[in-house]
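> I'll drop the sequence and a predicted model, then ask my questions.
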Amino acid sequence: MLANYGYKDASGDFFITIDTDKCDGCGDCVSACPAKIFEVLDEDPNDPMRDEPVAAVAGDKKKKLKYECNPCKPGTDRPQLPCVAACGAGAISHSW
Amino acid sequence: MAEEKQEFWRWTESNWKNPDIIWKDAKFVTVGIDVGSVSSQAVIMADGKILAYGNMRTGSDSPNSARNALKFALDALGDMSEERMDYCIGTGYGRVNVPFADRSVTEIACHARGANFLYGPEVRTVLDVGGQDIKAIQCDKKGKVTNFLMNDKCAAGTGRGMEVFSDLLGIPIQEVGDRSYEFKGEEPPAVSSTCVVYAKSEATSLLRKGWTKEEVLAAYCKAMADRIYSLVERIGVKPEFAVTGGMAKNRGVMDRIMPKIGIERMKTEWDTQIAGAAGAALFGYTLCQKGKGRVKG
Amino acid sequence: MISAGIDCGAKNTKTVILKDGKVIGKGSVLTGFDQEKAVEESLELAIREAGISRDDIGKIFGTGAGKDSVRMADDKVNEIKAMGKGAIFLFPNARTVADVGAEEGRAAKLDENGRPADFAINEKCAAGAGAFIEAMGRALETPLEEMGALALKSDKEIPMNAQCAIFAESEVIGLIHAKTEKQDISKAIHDSMASRIVSMIRRIGVNKDVVMIGGVAYNPGFVAAMKRELKLEKIHIPDDPEYGASLGAAVLAVDG
């Protein structure tokens, strides 16, 4: 499943996509993110039949991605993001 | 101010029972409760078939709204006690506050599963416009989510945005669809602001310029349609396409979205507002079948 | 040489007249529905204050959301450039500038000439602009001018969850029903708004000195919240922050 966390408002698109089929719930993204926006859940709340752990964007951070993710995303440069670099499974991508 | 808003939201509450099912023979009776920010539903299923449902406004707190919705559905049925329930799943915005639920499942999963049930297994893209969020979901033939996007931070395009406008213009919510087509000549262009706060001030200045309420409403419905479509577009529309939730009943917005999508939306005899609760009840049924239901003491 | 900068904003239209590096006239009027009229009026006000005639002005630059309505302008400059130039003119050490207006928030990193090296804009979303505090003031039944002073009376920290002005309004009403003190709600409103503006500034990096311009900088509650969020003792704010961008435009008109 492609889980798109975040939102779009009048000033732009702010989404993090987690491919839950690739995610193995290792939690490397949790420690890599300076804003601590990820968490690992024992069961996927969007897929009640799945039993393996999965990474997700933590509850209240979803509505603030524009503000929480900002510091890693300079306006003029596109460096690799720490969460994307940390994910060995290649499950995380961003729109910005 | 709060009382006034309630007035404009006065849509019809309803409950229903399926007279053809003898629930006493059922192996599993499962219940899905969807507590949304505006409306709450309870769906009671017997072996995966809808036995009864109740659909009503959400009250001031989630536990009571959940109880009332269930009671409303049980009232339609008449002769079932709460104890007969084998499993209950809560979903929606207030899902973790359903006191009698065995577990909670997100509305994303439930709407996909529910749409699969209400519209049939051909549905691949589900759009649900709720009171405070917009969900665009892709699912497989079993109703399992394959891709989703939920916009829950910004009021633009949500039921709440519509509520603000029905308040501003003094047009009851259930009349919005028809009244948004009561203009002479060409359809007015969409209001330019996506943000509801700015759209409101834009609307006020349009009224001052001499636009009719209906013209302003048309311009806003068009902006809502553009907004909602931009989220659907981001995830992509795979046929068939179905709409769940209350906004499916608002033709002012829906008739302005569909030409952009380019395909017909699927039709159903069911009340589109029960999709989430129906999906929850179905998950309960699947869990019971797999022996993962409630351990009865 | 005498130059003028006219900033036609969403709420107010401001004009600054500059003579040999000194401000000699200012004028601010509500923009209202007729932008061109507002431009004329604010220019008239500034001319009167300067005690000059219109023909004395060598060059006029327009800026702001309604810059196309500055018909008499010799040229138009974008808001980012104008705010950068305005900030460095007022505070030569300025390296970061935030301009928080009625309907838009912007931040830029500046070089020593006031040219923007990097910038961020929060546009078309009321959550990151003065409109947010105004809308919350309505919910709180408190005039906008009193909101800031009210916030200063509180030292409570109440988090606000909503990031959208419309949802925040319901949250404020919920807090009122829960009998939360008005001053505490007002502080929560300013804090949440400041955290959004600061996150925008963090995106470009916080370089000292930080300057804030735009009408919202008049609000002492907001300035206090910004200092807390930025963890800075001092943010430089000019006496007339709303004229920051029009001043920048007037300076650019001289520099060419």
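Received the coordinates, thanks.
> just checking, what packs against the worst-scoring helix or strand of chain A on mean pLDDT?
Every helix and strand of chain A was ranked by mean pLDDT, DSSP states H and E. The lowest is helix A:65-69, at a mean of 89. Contacting helix A:65-69 under the criterion 3 or more CB pairs under 8 Å, 6 or more residues apart in numbering or on different chains; DSSP states H and E are the following elements: strand A:2-9, strand A:12-19, helix C:182-204. Just so you know, the C-beta spots here come from the backbone N, C-alpha and C atoms, and that holds for glycine as well.
> what's in contact with the first one?
Translated: strand A:2-9. A:13-20, A:46, A:56-57, A:62-63, A:65-66, A:95, B:146-154, B:156, B:194-195, B:230-231, B:234-235, C:125, C:127, C:164 (CB atoms under 8 Å, 6 or more residues apart in numbering or on different chains).
> ok, it: who's next to it in the sheet?
strand A:12-19 (antiparallel), strand B:145-151 (parallel) (DSSP bridges).
> and after the last one, which helix or strand comes next?
The helix or strand immediately downstream of strand B:145-151 is helix B:159-169, counting by DSSP states H and E.
> quick check: next helix or strand after that following helix?
Counting by DSSP H and E, what follows helix B:159-169 is helix B:176-179.
> report the central residue of chain A.
Geometric centre of chain A, nearest residue: residue A:16, 4.6 Å, by CA atoms, centre = their mean.
> how far does stretch C:27-35 sit from its chain's centre?
16 Å (CA atoms, centre = their mean, to the nearest Å).
> also stretch C:219-229?
The answer for stretch C:219-229 is 14 Å, by CA atoms, centre = their mean.
> what of stretch B:245-256?
That offset, for stretch B:245-256, works out to 11 Å (CA atoms, centre = their mean).
> buried sites along stretch C:104-116?
C:104, C:105, C:106, C:107, C:108, C:109, C:110, C:114, C:116 (16 or more other CB atoms under 10 Å in any protein chain shown).
> and if you look at stretch C:149-159?
For stretch C:149-159, using 16+ other CB under 10 Å, the buried residues are C:150, C:151, C:152, C:154, C:158.
> next one: stretch A:39-47
Under 16+ other CB under 10 Å, the buried positions of stretch A:39-47 are A:40, A:44, A:45, A:46, A:47.
> try stretch C:238-251
Those would be C:238, C:240-251, for stretch C:238-251 by 16+ other CB under 10 Å.
> and for the residue nearest to residue C:91 when sequence neighbours are not counted, the neighbour number?
In space, and not counting its chain neighbours, residue C:91 is closest to residue C:236: 4.8 Å by CB to CB, 6 or more residues apart in numbering or on different chains. Neighbourhood size, residue C:236 [other CB atoms under 10 Å in any protein chain shown]: 19.
> who does residue C:236 form a beta bridge with?
Applying DSSP bridges, one finds that residue C:236 bridges with residue C:211.
> now do the contacts for it.
Neighbours of residue C:236 in contact, by CB under 8 Å, 6+ apart: C:90, C:91, C:94, C:209, C:210, C:211, C:212.
> hang on, residue B:148 packs against residue B:136?
Yes. If you go by CB atoms under 8 Å, residue B:148 and residue B:136 touch, sitting 6.9 Å apart.
> identify whichever of the strands paired with strand A:2-9 lies nearest to residue B:281.
strand B:145-151 (17.2 Å; CB to CB).
> where's the closest one relative to the chain centroid, distance-wise?
On CA atoms, centre = their mean, the centre of strand B:145-151 falls 15 Å from the chain's centre.
> before we move on, what about stretch B:80-100?
18 Å.
> end-to-end on it?
Terminal residues of stretch B:80-100 lie 16 Å apart, using CA to CA, to the nearest Å.
> in it, what's buried?
B:80, B:84-95, B:97-98.
> chain A next: which of the residues you listed are close?
residue B:89 (CB under 8 Å from any CB of the partner chain).
> overlap in contacts of residue B:148 and residue B:136?
With CB under 8 Å, 6+ apart as the test, residue B:148 and residue B:136 both reach residue B:235.
> could you say what helices and strands the strand or helix carrying residue C:145 packs with?
Under the criterion of DSSP H and E, residue C:145 resides in helix C:144-152. When contacts are defined as 3+ CB pairs under 8 Å, 6+ apart, helix C:144-152 packs onto helix C:130-139, helix C:182-204, helix C:220-230.
> okay, the ones you listed in TSV with mean pLDDT, mean neighbour count and distance to chain B next?
Converted to TSV, the helices and strands packed on helix C:144-152 look like this (pLDDT from 0 to 100; neighbours: other CB atoms under 10 Å in any protein chain shown; distance: least, CB to the nearest CB, whole Å):
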stretch	mean pLDDT	mean neighbour count	distance to chain B
helix C:130-139	96	22	6
helix C:182-204	95	23	12
helix C:220-230	97	20	17
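> any chance of a markdown table for those, columns distance to residue A:80?
Shown next, in a markdown table, are the helices and strands packed on helix C:144-152 (distance: least, CB to CB, whole Å):
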| stretch | distance to residue A:80 |
| --- | --- |
| helix C:130-139 | 34 |
| helix C:182-204 | 17 |
| helix C:220-230 | 27 |
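> which one of the buried residues of stretch C:104-116 is nearest to chain B?
Distance to chain B, by CB to the nearest CB, is smallest for residue C:104 among those, at 10.3 Å.
> wouldn't the closest one be in contact with residue C:122 here?
Yes. With contact defined as CB under 8 Å, residue C:104 reaches residue C:122; the gap is 6.8 Å.
> which residues of the stretch 1-150 of chain C lie near chain B?
C:33, C:103, C:124, C:125, C:126, C:131, C:132, C:135.
> contact partners for residue A:79?
With CB under 8 Å, 6+ apart, residue A:79 has these contacts: residue A:72.
> backbone phi and psi for it, please?
phi -70, psi 160 (degrees, to the nearest 10).
> any idea how far it is from chain B?
Here the criterion is CB to the nearest CB, to the nearest Å. By it, residue A:79 lies 24 Å from chain B.
> ok, now how distant is that residue from chain C?
13 Å.
> tell me, what's the model's pLDDT at that residue?
If you check residue A:79, the pLDDT there is 86.
> out of the contacts of residue C:236, flag the one nearest to chain A.
After measuring the contacts of residue C:236 against chain A - CB to the nearest CB - the closest member comes out as residue C:210, at 16.0 Å.
> which stretches of the chain form strands?
I went with chain A, as the question did not name one. A:2-9, A:12-19, A:38-41, A:54-57, A:92-95 (DSSP state E).
> wait, I meant chain C there
Using DSSP E, strands in chain C cover C:2-8, C:12-19, C:22-30, C:59-63, C:75-76, C:96-100, C:105-110, C:116-122, C:210-213.
> closest to residue A:85 out of the helices and strands packed on helix A:65-69?
strand A:12-19 (14.0 Å).
> what does that closest one contact?
Residues contacting strand A:12-19 (CB under 8 Å, 6+ apart): A:1-8, A:37, A:54-57, A:65-66, A:69, A:83, A:90-96, B:149, B:234.
> and if we set it to 6 Å?
A:2-7, A:55, A:65-66, A:91-95 (CB atoms under 6 Å, 6 or more residues apart in numbering or on different chains).
> tell me which two of these sit farthest apart.
A:66 and A:91 (21.6 Å).
> same drill for the two, tell me which one is more crowded.
residue A:66 (28 against 23).
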